[in-house]
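Visitor: A structural model of the following input is requested.
(chains A and B)
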Amino acid sequence: MAADPHDFDVSMATGIGWSSRRLREGLVRRVLMAAALLSVATTIGIVVALAVPTVQFFTRVSPVEFLTGTEWTPLFASPHFGVLPLVTATAVTTFWALLVALPLGLGCAAYLSEYAGRRTRKIFKPLLEILAGVPTVVYGFFALTFLTPLLRDIWILPGKGPQIYNALSAGLVMGIMIIPTVASLSEDAMSAVPDDLRAGARALGSTARQVTTRVTIPAALSGIIAATMLAVSRAVGETMIVAVAAGGTANLSLDPTEPMQTMTAFIAAAALGDQPTGSIGYQTLFAVGSLLFVITLIMNIVSIRLVRRYREVYE
Amino acid sequence: MTAEVEPPGRSVEYQIETVRGSIRDATFRLAMFFSIGVAIAALGTLLVQVFVDALPRLNLDLLTQFPASLPALAGARSAIIGSIWVIGATALFTIPLGVAAAIYMEVFADPRRWYNRMIEVNIQNLAAVPSIVYGILGLGLLARAAHLGQTVLTAALTLTLLVLPVVIIVSREAMRAIPSSIRDASLALGATEQQTVWRHTLPLAVPGIATGIILALSRAIGEAAPLLLLGGLAYVTFTPTGLDSRFTVLPIQIFNWVSRPQEEFRTLAAAAIVVLLALLLVMNSIAILIRNHYRRTW
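Guide: Residues are numbered from 1 along each chain as shown, chains lettered A, B, ... in the order given. Now for the predicted structure:
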């Protein structure tokens, strides 16, 4: 058959050999696309998984009570469903985390992008990567067994000082955890600033500090803001550090020395109780999860937009 | 020329300004050293603290004994084996799915099409969704709605969805690093787009992809939050026998022990952390070895 010269001619003329390959490649292409579409399915899955029990939750509890109530005792005999204590606790830990992560992360980024030579960069960048790779439960252990006792020992401010479980050490350790995120994204943004701008500033007599603070950082600002948004999103979504070190009781307070329960810590605690499907405890877990998802989604979208914008400017 | 007008470089104001400037320069430099110093000191303190705390329990019992109510008798055997099961299954799902999606996005997806742009933004966004939200997905859809229960399979599928965005992003970067001249040469010689991918782009990108996959899996092995929702905290005194087995993993065992008031359990938690960090060290060393061994400059 293959020896038949007509065979060759036919295939060339009709393109049969080509079309079978095309068919196969089209199939492979669809399989690959299906794998990529799995990510879309994941998002839809998250939304559906959250939405159904959340809607059921809001048929029992009014959204107004949920969002404005100041008492959170969903699993008590006389339950209250005010989510504000969880939200303020999340805000408090996030605030302290950012207070650590933003200046220190930016400092690391400025150093690595503007000052460090190749060799020092080669030492420090992997160290920051290790910091980023430490499991969060280990940070929780560190906050509870090292930082909290330390803070209690050296506390000089008025007041009783931090309790065994407190938002302060959870927040501070979370800040340490987020430093690499801020540093690496900000460094990317700062490295993307064209050298011409730096050279121009140097030619006009600026020192390295002036170039950094007046040229590089302003030029990289949208990237730095994007890094900040992502840092907020990570702090809001962080679970294990607060579950270990911040305590397990809902507490409407801004005093970081007190124990308080964040949204994520509540979800973790409620899940440990193994709530039966359809129970109010189960639905509460999803309602808080939805709130968490919406908050972090907004941060992420803003961050992704900003990253795109600065990329467009310098490419 | 006679120096009738004093050059600005010599004026007192200029010199004061220069001194002020150099003080500010030095302060700024110091602030940056401080930033990086704090980060590294924190890392060092954390590691030393964990090791010192763990010392009394760093023995073979830790690896061979099951959890027990008496800390002296307890070990992390079920958690270690459980972690290996869960991560092994996660790798099994993650590698083909992640690489396939990355090939599609990098080679075939036309970025001008709205659906490809949507997939792209979606992957970026998923990479930043808090891990506990994936736990909610696993609990609501996989464990309860799909009746998979609180098993190794549910945990592995949940972690797969969690790390897929990372795997896709790094695999795409690895493929993008392959010079287009190789692809162009292959296409010019008559290979189809897919022959080019399977025979040239993908094999050349394997070291980068492998590194990315290992790093993603080492993120998964340290994850506790999503697995807490999947019933991972159960007091597990057996090792998994299959994908449909119940399980515990190291981070959850650590969480369990650190949450107990007794000092002995804290020691045990520290020892389990050392085991977890050792596992991470092994995985990361492999990644670095692959990266260095196959590093090519084009």
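
Visitor: Per the annotation, how does chain B divide into domains?
Guide: Here the domain parsing of chain B from automatic domain parsing is B:8-57, B:60-293.

Visitor: where do the strands sit along the stretch 101-250 of chain B?
Guide: With strands called from DSSP state E, counting those that start in this stretch, the stretch 101-250 of chain B shows none.

Visitor: so where is it shaky, pLDDT-wise?
Guide: Within the stretch 101-250 of chain B, the stretches with pLDDT under 70 are B:232-235.

Visitor: Kindly provide the distance from A:Thr42 to chain B.
Guide: Look at A:Thr42 and chain B: by Cβ to the nearest Cβ, to the nearest Å, they are 5 Å apart. C-betas here are computed from N, CA, C, even on glycine.

Visitor: Give the closest residue to that residue in space, chain neighbours not counted.
Guide: B:Leu161 (5.0 Å; Cβ to Cβ, 6 or more residues apart in numbering or on different chains).

Visitor: Would you format the domains of chain B as CSV with mean neighbour count included?
Guide: Formatted as CSV, the domains of chain B follow (neighbours: other Cβ atoms under 10 Å in any protein chain shown):
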stretch, mean neighbour count
domain B:8-57, 15
domain B:60-293, 20
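
Visitor: need the ones you listed in TSV with distance to A:Arg152, can you?
Guide: Listed next are these as TSV, based on distance: least, Cβ to Cβ, whole Å:
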stretch	distance to A:Arg152
domain B:8-57	16
domain B:60-293	16
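
Visitor: Contact partners for the residue nearest to A:Thr42?
Guide: A:Thr42, A:Gly45, B:Tyr134, B:Leu137, B:Gly138 (Cβ atoms under 8 Å, 6 or more residues apart in numbering or on different chains).

Visitor: One more pass at 10 Å, please.
Guide: A:38-39, A:41-43, A:45-46, B:90, B:93-94, B:97, B:126, B:129, B:134, B:137-138, B:142, B:226 (Cβ atoms under 10 Å, 6 or more residues apart in numbering or on different chains).

Visitor: cool, and A:Thr249?
Guide: Contact partners of A:Thr249, counting by Cβ under 10 Å, 6+ apart, are A:Trp72, A:Thr73, A:Pro85, A:Ala89, A:Tyr165, A:Glu258, A:Pro259, A:Met260, A:Gln261, A:Ala265, A:Ala269.

Visitor: sec struct for it, please.
Guide: Here A:Thr249 is recorded as coil under DSSP: H, G, I helix; E, B strand; the rest coil.

Visitor: pLDDT score for it?
Guide: If you check A:Thr249, the pLDDT there is 87.

Visitor: Same question for the one 10 residues further on.
Guide: A:Pro259 is assigned a predicted lDDT (pLDDT) of 93.

Visitor: Quick check: it is in a helix.
Guide: No. Judged by three-state DSSP, A:Pro259 forms no part of a helix; its state is coil.

Visitor: Excluding chain neighbours, what is closest to it?
Guide: Ranked by Cβ to Cβ, 6+ apart and with sequence neighbours excluded, the top spatial neighbour of A:Pro259 is A:Gly247, at 2.7 Å.

Visitor: ok, now how distant is B:Gly231 from B:Leu47?
Guide: 31 Å (Cβ to Cβ, to the nearest Å).

Visitor: show me the contacts for the residue positioned nearest the centre of chain B.
Guide: The centroid of chain B falls nearest to B:Arg219 when counting by Cα atoms, centre = their mean (2.9 Å). By Cβ under 10 Å, 6+ apart, B:Arg219 lies in contact with A:Ala132, A:Gly133, A:Pro135, B:Ser131, B:Leu159, B:Leu162, B:Val163, B:Val166, B:Leu280.

Visitor: Brilliant, that's me finished.
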